[in-house]
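**Q** fold the following and give me the result.
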Amino acid sequence: MCVGIPLQVRRMEGSVALCTDLKGREHRIDTLLVGPQPEGAWLMTFLGAARAVIGAGEAARVSAALDALSGLMAGLPVDLEAAFADLVDREPQLPEFLRGPRT
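**A** Numbers count the residues shown, from 1 in each chain. Here you go, the predicted structure:
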């Protein structure tokens, strides 16, 4: 399974961002795909590289979902509806390029 991790930029060192997650853990992230980012910017990261710049709200939602998954794997009770509120009561949507021609 591929999982992106939201991290917040603390400072840049060339093309590497020194970042922290919401638990305060530090990470060194390659920013060649997204370019240099200012302090405080949120990045969606995967395997040590930034894949996208995201907002603080999205970072919080993803972090809550990841915490819920960790809790489930540890056998803890988890409020899945709260952790995945953006998925509750909605139909999945295909990306635009897979929807086909409009009639």
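**Q** quick one: low-confidence parts of the protein?
**A** Counting by pLDDT under 70, the chain contains low-confidence ranges at 1-2, 102-103.
**Q** quick one, strands of it?
**A** For the chain, applying DSSP state E gives strands covering 5-13, 16-20, 26-30, 42-46, 49-54.
**Q** wait, which of the ones you listed is closest to Ala68?
**A** Closest approach to Ala68 among the strands of the chain (CB to CB): strand 5-13, 14.3 Å. (Glycine included, C-beta is placed from N, CA and C.)
**Q** give me the buried positions along that closest one.
**A** 5-9, 12 (16 or more other CB atoms under 10 Å).
**Q** distance to Leu98 added to the strands of the chain, as TSV?
**A** Output for the strands of the chain, formatted as TSV (distance: least, CB to CB, whole Å):
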stretch	distance to Leu98
strand 5-13	26
strand 16-20	32
strand 26-30	29
strand 42-46	21
strand 49-54	20
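**Q** comparing those, which comes out most buried?
**A** strand 42-46 (a mean of 20; mean count of other CB atoms under 10 Å).
**Q** which residue packs closest to Ala59, ignoring adjacent ones?
**A** The shortest distance from Ala59 to any non-neighbouring residue, by CB to CB, 6 or more residues apart in numbering, is to Pro6 (3.7 Å).
**Q** same question, Ala56
**A** Trp42 is the one closest to Ala56 (CB to CB, 6+ apart), at 5.8 Å.
**Q** show me where the protein has helices.
**A** With helices called from DSSP state H, the chain shows them at 56-73, 80-83.
**Q** report the angle between the first one and strand 49-54.
**A** Same thing as helix 56-73. Interaxial angle, helix 56-73 versus strand 49-54 (axes from the mean of the first three to the mean of the last three CA atoms, to 10 degrees): 120 degrees.
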